[in-house]
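Chemist: Compute the structure for the input listed below.
(chains A and B)
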There are 2 protein chains.
Amino acid sequence: MQDKANGANSGSLEVEDDLYGLDPEFVRSVEEALAEGRTDAARELTEPLHYSDAADLLERLDAEDRAKLVEVLRADFEPEILTELDEGVRDEVIEALGFADLATAIAELDSDDAVWLVSQLDEDERARVMEALPSETRAIVAQGLSYPEYSAGRMMQRELVAVPAYWTVGETIDYLRAAHSVPDEFYDLYVVDPRHRPIGKIGLARLVRGRRPQRLREIMDDESLTVPVAADREEVAFLFRQQDLVSAPVVDGAGRLVGVITIDDVVDVIDEEAADDMLRLAGVPDTDLYRAVKDTVRSRIPWLLVNMCTALVASSVIGLFEHTLEQIVALAVLMPIVAGLGGNAGTQTLAVAVRGLATKELDFDNALQVIRKEVLVGMINGVVIACLIGPVAWAWFGQPTIGIVIGAALVFNLFIAGLMGSVIPLTLEKFGIDPAVASSIFLTMCTDSLGFFAFLGLATMFLL
Amino acid sequence: MQDKANGANSGSLEVEDDLYGLDPEFVRSVEEALAEGRTDAARELTEPLHYSDAADLLERLDAEDRAKLVEVLRADFEPEILTELDEGVRDEVIEALGFADLATAIAELDSDDAVWLVSQLDEDERARVMEALPSETRAIVAQGLSYPEYSAGRMMQRELVAVPAYWTVGETIDYLRAAHSVPDEFYDLYVVDPRHRPIGKIGLARLVRGRRPQRLREIMDDESLTVPVAADREEVAFLFRQQDLVSAPVVDGAGRLVGVITIDDVVDVIDEEAADDMLRLAGVPDTDLYRAVKDTVRSRIPWLLVNMCTALVASSVIGLFEHTLEQIVALAVLMPIVAGLGGNAGTQTLAVAVRGLATKELDFDNALQVIRKEVLVGMINGVVIACLIGPVAWAWFGQPTIGIVIGAALVFNLFIAGLMGSVIPLTLEKFGIDPAVASSIFLTMCTDSLGFFAFLGLATMFLL
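Modeler: Modelled structure (predicted):
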């Protein structure tokens, strides 16, 4: 097997950290070729690239070089490149390609990729591209777009192999050899009844190993599940992960086989869903590494504005105790400890709960058990931290009571952290809101405000 | 296809939110059967379950019921169940099974799963299980364990199909039909040279569609990459995701084919890596939903202790300005706003950077560009927030200067947030430290301490 721009070395057991992916040296040589107008050199360098690497390369270049490279690649532009680009860069490349070449590229894609790509265009562009598509592709894309976003219907490809149960292994293999409409790559055949409803599936390995006169009925696996066309993609990802599937049949409302979802599409979903949870918990709606400054500001500021409001709530709580703070300035010095530890302990619980909800290990059936555990963990952690911070505060400000007050406030706030860190995401899930999006706002509002209230309130009671 | 305990309905386009996964009703009926000692009923309920669902069921039960269910399942215990259990529960189930039955189960597993399972045992248990294994399995497991943790060698299975290039399609199909050592499921055949080095691969679909007299040499794909046995599993996951692979050949130091990694193992890695980043950013080493309170406290407290220390640093910074705070208590009221927004803006940058490093979209080649952008985004966001908070602070405390001071501190702190949110993970990556683990500690220390310092410092200069 050949190693290319991103080749793997296999000379010894020692391997580099970065085995695969684009080499910076390589990127620079393409940039130089483009800068010096050596179009042929640029084409020679980029032609052997896998489409994913070509997409990465386009992302790496600046806008000017990117437009140049599109020209270089235009003659035989691999359509799959478009499916691997980040949003911002994709828009630029599509603009540079123009609608005619874009339509040609889309027509060459597998139906699932074609639908996805068209779905990413804005309304104007979409209308123009649809017009430019060959009529067959247009019909398939239009049907795909009729399914809800993030549904199985959007993920599935229509190219599949469906065969009747009474066929023999020999007949099936002969059919596969002769048929024109069989996809290039597939892993499972679907056995369907006369109404085109799936009744079983056969892995290719089993078909190949079967004896020619055997009926498919005898060797098919009739235990696997079907995916309704409207199923959410997270459900699909769960099913694949749970049952280690490589492909699954998609059925319409009448139970008829209309498409197949393959593992490579599911890998993208699994990867995105887990990463999205992380980004959303941190208040970023999307990866925006390659997005322009203007768009990045616009996407991140709403979260900061909400945080500004919750910070104002926390400030107002402190404002209630201005009189106390005037007299004991030490309290102002210690305040960040109470709020900070509450927020951090709460975030720990939150991350575990959000992950648990995503993997279905946490649901309303075992929610109480989990909440109880988190509250207990929070309080124990609170006691441990309190035993350490209390003496420090005492030594620092020479007053034992201040140590006791901050200790008590910490235990209380870590109790709140465990409670709210688990209750908030469960509540949001109950109301159909993505717990990763809004949980951390509510959480820090609770731990900040209640933490300050407990600390300053106790101080007012016992120190004044 | 049959629908089971977790069946999918496909009657209409309307689908439930929870299509797959265990039904709480079902769990309760198993619990009842176990409680009432109706062993046969429990067996009847659980026997048709997919091993993943059986694992989920074991996780859901309490310790007593779990032990009872292991007894119920013991006679034909599906070994794959063990590979799907969470750590804590797995230990319990393994203990309940005993070493003899555990060894039997391990011997039935695919080699990659067997190696993984043995690697999860502690040293004592491992020695005892190894002793109980059939000698052939023992040798395979021992070899697998000799590869580094998280390496391709640990992920790969030894069961594969390797064939010479001069064979014809017909010979190959006949061989697959006759051979005993061919795995039950496989998607690609590897073509090897006389020294057993992979020179190409052939998808099963292409083999089946080939003409019988065609040589494999003519139809094989010789462009795909090999994976060194010591490659890190994150690199492997990157390769699969990047090139949409279903399987990849693993080679030893001499380039000989020693195993194959399949997509289902990679799915687990992709899922874990992305989720681990989220959990680590939040200060949780692992999902611990099913872990005992004692162990959960132990795993989460180190992070809180580190946070306690960074909070003390922030407190000391405030302590420098006790004199200022004594005179203007309003500053104490506004402090959380400066620190909170800095921390949140920094976390946004951090999450994007950690994700970028994981997907290789961010590296040292484009680092400067990304840092510059993040700093700019931070400052613009800072100006927007400052323009909103400034007037609020002015109105609240009746002093225009206080509005200017908090505004300036916010711009400065969001500049720090953008800078540190990108520089910290890049620096950790440079030194080979997982950026998800330690980044957020350093980040909040910077935004808290520098934020307080800027705010209280400016106040001391302009308000006293």
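Chemist: Need the residues that contact stretch A:40-52.
Modeler: A:4-6, A:26, A:29-30, A:33-34, A:54, A:57, A:68-69, A:72-73, A:78, A:80-81, A:84, B:242-244 (C-beta atoms under 8 Å, 6 or more residues apart in numbering or on different chains). C-beta coordinates here come from the backbone N, C-alpha and C atoms, glycine included.
Chemist: Distance check, A:Pro198 against A:Ile261.
Modeler: Using C-beta to C-beta, to the nearest Å, we find A:Pro198 at a distance of 13 Å from A:Ile261.
Chemist: How about residues contacting stretch A:137-150?
Modeler: Here stretch A:137-150 has contacts from A:106-107, A:111-112, A:114-115, A:118-119, A:130, A:133, A:153-154, A:158, A:229-230, A:232-234, using C-beta under 8 Å, 6+ apart.
Chemist: Could you list which of those residues also contact chain B?
Modeler: With respect to chain B, and counting by C-beta under 8 Å from any C-beta of the partner chain, the subset of those in contact is A:Val229, A:Ala230, A:Asp232.
Chemist: wait, which of these is closest to A:Asn381?
Modeler: A:Asp232 (35.8 Å; C-beta to C-beta).
Chemist: Name the nearest residue to that closest one, ignoring sequence neighbours.
Modeler: Distance criterion C-beta to C-beta, 6 or more residues apart in numbering or on different chains; nearest residue to A:Asp232, sequence neighbours excluded, is A:Tyr150 at 6.0 Å.
Chemist: and what of A:Val377?
Modeler: That would be B:Thr296: by C-beta to C-beta, 6+ apart, it lies 5.0 Å from A:Val377.
Chemist: for the one you found, what are its contacts?
Modeler: A:Lys373, A:Val377, B:Asp288.
Chemist: so who does the second one touch?
Modeler: Going back to what we said before, that points to A:Val377. A:Thr349, A:Gly418, B:Val293, B:Thr296, B:Val297, B:Arg300.
Chemist: which stretch of helix or strand covers it?
Modeler: Following DSSP states H and E, the helix or strand that holds A:Val377 is helix A:367-397.
Chemist: so where is chain A shaky, pLDDT-wise?
Modeler: Along chain A, segments meeting pLDDT under 70 span A:1-18.
Chemist: which residue is nearest the centroid of it?
Modeler: Central residue of chain A (C-alpha atoms, centre = their mean): A:Glu272, 1.8 Å from the mean position.
Chemist: my read is that residue is in a strand, agree?
Modeler: No - A:Glu272: not assigned to a strand; according to DSSP: H, G, I helix; E, B strand; the rest coil it is helix.
Chemist: domains for chain A, by residue range?
Modeler: In the domain annotation for chain A, the residue ranges read A:24-151, A:162-264, A:293-463 (automatic domain parsing).
Chemist: Highest mean neighbour count out of those?
Modeler: Highest mean neighbour count among those (mean count of other C-beta atoms under 10 Å in any protein chain shown): domain A:293-463, with a mean of 21.
Chemist: need the contact list for A:Val293.
Modeler: A:Val293 neighbours (C-beta under 8 Å, 6+ apart): B:Lys373, B:Leu376, B:Val377, B:Ile380.
Chemist: ok, which pair from those residues is furthest apart?
Modeler: B:Lys373 and B:Ile380 (10.6 Å).
Chemist: Tell me which residues touch the residue lying closest to A:Thr310 once chain neighbours are set aside, please.
Modeler: In space, and not counting its chain neighbours, A:Thr310 is closest to A:Met445: 4.1 Å by C-beta to C-beta, 6+ apart. Neighbouring residues of A:Met445 by C-beta under 8 Å, 6+ apart: A:Thr310, A:Val313, A:Ala314.
Chemist: mind redoing it with 10 Å?
Modeler: Counting by C-beta atoms under 10 Å, 6 or more residues apart in numbering or on different chains, A:Met445 touches A:Val306, A:Asn307, A:Cys309, A:Thr310, A:Ala311, A:Val313, A:Ala314, A:Gly343, A:Met420, A:Ile424.
Chemist: Can you tell me the element it falls in?
Modeler: helix A:435-463.
Chemist: Quick check: bridge partners of A:Ile202?
Modeler: A:Ile202 forms beta bridges with A:Leu189, as assigned by DSSP bridges.
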